[in-house]
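Novice: structure for the following, please:
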Amino acid sequence: MIEVIRAGALTTVQDLGRPGWAHLGVPRSGALDLPALRLANRLVGNTSDQAGLEITLTGCTLRIRRAGTVAVTGAHALVRIAGRTVDVGTAVAVPADGLVEIGPARRGVRSYLGMSGGIVVDPVLGSRSTDTLSGLGPAPLRDGDLIPIGPAGPAHSTVDQPETTHVRPAAPSSGPLVLSLRLGPRDDWFTSAAVDTLCGTTYTVTVMSNRIGARLAGEALPRARAGELPSEGMVIGAVQVPADGQPLIFLADHPTTGGYPVIGVVDDATPLAQARPGTTVRFRGPQR
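Specialist: Purely as a prediction, here's the structure:
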């Protein structure tokens, strides 16, 4: 078991998600920074689809009841294991009843904890991920929770740097993010000036962002059409524009349908997993 001493602002169980259920209204969910979770699993000898913990912004403190191997990836944070400061992105042995202390994110937003054996809460629709929109999967962790872990596999990997793996977690950065954008399917609902504005000005990630979507603030995008659309399918990376004209980029826990027009879709929303409020975002495009 893992005993939760301090859960922090939002700590959830996440794996690679539950793709393939959108037709039933269930989003993919899963870790926002999938490469960071895959790396954490690889470092401790797990398969890539095993569940770990996603720790948001304020860190957490855990007691590991069984000796094993842990790795923390993702956001830059102070990590102490059994009283010893360790590097992010490194596999570390933890003794039975050892404390794992993950401090607040210094850069980035989300840390990922991989534990040898993985988290083995009951799966829902084939995934152990917490979906914060629908409530599927385990509830966000609370102080005092006990989280089951599986039997450890082979010895942990000797890989100890993200750059040596085939996966590249989102690099926590205070600089601007540049997101590649493909227009459509509803860019014709907006004026040509709106497209120029979206691709020619900067936007800022707001404090209203979460696992459902990254809300941006900047120059409003004027419409060329009035009225509303019937609800239609949504995907991760869809740039939806509500009535206030401020773009919203859908992330892992997004609703599977929506009625506001989607002006475009970003090719890769992974960098937004580590984008703190105030981060500047630019869109590169459009590509038709």
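Novice: then stretch 69-82 to PDB, C-alphas only?
Specialist: Taking Å, rounded to 0.1, in the frame of the first residue of the first chain, the C-alpha atoms of stretch 69-82 are listed here in PDB:
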ATOM      1  CA  THR A  69      11.500   1.600  -6.500                       C
ATOM      2  CA  VAL A  70      10.000   5.000  -7.300                       C
ATOM      3  CA  ALA A  71      10.600   7.700  -9.900                       C
ATOM      4  CA  VAL A  72       9.200  11.200 -10.100                       C
ATOM      5  CA  THR A  73       9.100  12.900 -13.500                       C
ATOM      6  CA  GLY A  74       7.400  16.000 -15.000                       C
ATOM      7  CA  ALA A  75       7.500  19.300 -13.200                       C
ATOM      8  CA  HIS A  76      10.700  20.600 -11.700                       C
ATOM      9  CA  ALA A  77      10.200  20.100  -7.900                       C
ATOM     10  CA  LEU A  78      12.200  19.300  -4.800                       C
ATOM     11  CA  VAL A  79      11.900  15.500  -4.200                       C
ATOM     12  CA  ARG A  80      13.000  13.800  -1.000                       C
ATOM     13  CA  ILE A  81      12.800  10.000  -0.500                       C
ATOM     14  CA  ALA A  82      13.400   8.600   2.900                       C
END
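Novice: the nearest residue to residue 140 once chain neighbours are set aside in helix, strand or coil?
Specialist: Nearest residue to residue 140, sequence neighbours excluded (C-beta to C-beta, 6 or more residues apart in numbering): residue 12, at 5.2 Å. Yep, even glycine has a C-beta here, placed from its N, CA and C like the rest. Following DSSP: H, G, I helix; E, B strand; the rest coil, the label given to residue 12 is strand.
Novice: so residue 12 makes contact with residue 142?
Specialist: No - between residue 12 and residue 142 there is no contact under C-beta atoms under 8 Å: 11.2 Å.
Novice: more neighbours, these two?
Specialist: residue 12 (24 against 9; other C-beta atoms under 10 Å).
Novice: so how far is residue 26 from the more buried one?
Specialist: Separation of residue 12 from residue 26 (C-beta to C-beta, to the nearest Å): 16 Å.
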